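# Structure of the sequence below:
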Amino acid sequence: MARRRPPIRFLLALLSLPVVIPADAAPLDASAARRAALIREIEADVAATSREIGRKALDRRVMDAMARVPRHEFVPEKESPYAYENRPLPIGYGQTISQPYIVALMTELLDVKPGAVALEIGTGSGYQAAVLSHLVSVVYTIEIVPELASSAEARLERLGYANVTVRKGDGYHGWPGRGPFDAIVVTAAADHVPPPLVKQLKPGGRMVIPIGGPFFTQILTLVEKDAGDRVRTRQILPVRFVPLTGGPG
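You can find the predicted model right below:
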């Protein structure tokens, strides 16, 4: 038996009803598709460099953290259209935000566990610290350029990264009052591994740092301290970073 059609006026009344969206509904993330495409590019780079880095894929936790951080929030507005390209971008004051593949690789090499405490030297815009914050308990980060330190601190606070603490200062000497650290990541190239950072690394901890001068080949280097405080280093692959400023003086 055929159903009777509702009156036209009833249909019009339904169409005029307001659409109610729950207050807690998540807004549509316009950058989600671009971040997904970036993740695929990072995965392709990992596969292409698998022999050098010693792995065919990165830890799923690292890739999930990369996918969750809105990189467009960490670049100047004029660079926003390029935020999800797999390359470094200028952030002012002669500094850059690192290539996402390198950020992912450095994070992977730290091999951090939940509950770990990490130190970053060279906050920049705060992007690396934001990625790490999804994987560890606390991130301490030091930036020598006062303007970048202030803007990164405000940005991280605005975006809700409550477990990241920013300090203005010379990162060469680390942060003795907050160490020792399970992991240390240096996002600028030094001509040697700073002894104060080695000292602040926990036994069993790892440090990732680019070694080399600004006009020479730089090598991404993994520093590991064993339970007996013995230190060993391993070269990973050539990279290019801005130089680490500050120093032992």
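# Help me confirm that Pro203 is found in a helix?
No - going by DSSP: H, G, I helix; E, B strand; the rest coil, the assignment for Pro203 is strand, not a helix.
# and it, what does it touch?
Residues in contact with Pro203 (Cβ atoms under 8 Å, 6 or more residues apart in numbering) are 225-229. C-betas here are computed from N, CA, C, even on glycine.
# For Thr245, state which of those is nearest.
Nearest to Thr245, judged by Cβ to Cβ, of those is Lys225 at 25.1 Å.
# What's the local residue count around the closest one?
19 (other Cβ atoms under 10 Å).
# Show me what the longest helix along the chain is in contact with.
Longest helix in the chain, counting residues (DSSP state H): helix 32-48. The contact list for helix 32-48, computed with Cβ under 8 Å, 6+ apart, reads 53, 55-58, 63, 66-67, 70-71, 83-86, 100-101, 104-105.
# Next, name the residue at the spatial heart of this protein.
Gln128 (2.4 Å; Cα atoms, centre = their mean).
# Would you mark the buried spots in the longest helix of the chain?
Within helix 32-48, the residues scored as buried using 16 or more other Cβ atoms under 10 Å are 34-35, 38-39, 42-43, 45-46.
# Kindly report the same for stretch 143-160.
Neighbour-count burial for stretch 143-160, counted by 16+ other Cβ under 10 Å, picks out 143-145, 148-149, 151-153, 155-156, 159.
# Show me which pair in these is furthest apart.
It's Ile144 and Leu159 that sit farthest apart of the buried residues of stretch 143-160, by Cβ to Cβ, at 22.4 Å.
# which of the contacts of Pro203 tops the neighbour count?
Going by other Cβ under 10 Å, Lys225 tops those with 19 neighbours.
# quick one, what contacts it?
Lys225 makes contacts with 198, 201-206, 231, as judged by Cβ under 8 Å, 6+ apart.
# Closest one to Leu237 out of the residues you listed, please.
Closest to Leu237, out of all of the contacts of Lys225 and judged by Cβ to Cβ, is Arg206, at 16.4 Å.
# so who does the closest one touch?
Contacts of Arg206 (Cβ under 8 Å, 6+ apart): 109-111, 182-184, 222-225.
# Please export the C-alpha coordinates of the strand or helix carrying it as CSV.
For Arg206, the enclosing helix or strand under DSSP states H and E is strand 201-211. Taking Å, rounded to 0.1, in the frame of the first residue of the first chain, the C-alpha atoms of strand 201-211 are listed here in CSV:
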residue,chain,number,x,y,z
LEU,A,201,72.0,13.7,29.4
LYS,A,202,70.7,10.8,31.6
PRO,A,203,72.4,7.4,31.5
GLY,A,204,70.5,5.6,28.8
GLY,A,205,69.6,9.0,27.2
ARG,A,206,70.0,10.2,23.6
MET,A,207,70.9,13.4,22.0
VAL,A,208,70.5,14.3,18.3
ILE,A,209,72.6,17.1,16.9
PRO,A,210,73.9,18.3,13.5
ILE,A,211,77.7,18.5,13.6
